[in-house]
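In: this one's sequence-less:
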């Protein structure tokens, strides 16, 4: 609010909602639409191609076919996971550690 930034949020309930949801953000005049997760990769790529004057960013997905109006944000999660595993192994009282991830 201090910077005068206005936000909108939308959540897709199914993959069939991805394109209409992205279209609604563009139609609402959003300057930047941020999508989260690799499942939104194709829909983000299509929306960016169809709307070259709009800006997009996507977390956890990169594609060499992205147009210039898409910024992929990809983290090297293996580095953080390694450190977390190292700490977990060093502090485990049972000698057992596990990991939990997102989509299969």
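Out: That came through, no problem. Because the structure is a prediction, the values reported are computed rather than measured.
In: now do the contacts for the residue nearest the centre of the chain.
Out: The chain has residue 36 as the residue nearest its centroid, 2.2 Å off, counting by C-alpha atoms, centre = their mean. Residues near residue 36 by C-beta atoms under 8 Å, 6 or more residues apart in numbering: 58-60. For the C-beta atoms, the positions are set from N, CA and C on the backbone; glycine is no exception.
In: hey, which helix or strand in the chain has the poorest pLDDT?
Out: Within the chain, no helix or strand scores below helix 77-91, which has a mean of 87 by mean pLDDT, DSSP states H and E.
In: list the buried residues for stretch 28-46?
Out: Buried residues in stretch 28-46, defined by neighbour count with 16 or more other C-beta atoms under 10 Å: 30, 33-35, 38-41, 43-45.
In: ends of that stretch, what's the gap?
Out: Start and end residues of stretch 28-46 are separated by 18 Å (C-alpha to C-alpha, to the nearest Å).
In: now stretch 52-66: how far from the chain's centre is it?
Out: 10 Å (C-alpha atoms, centre = their mean, to the nearest Å).
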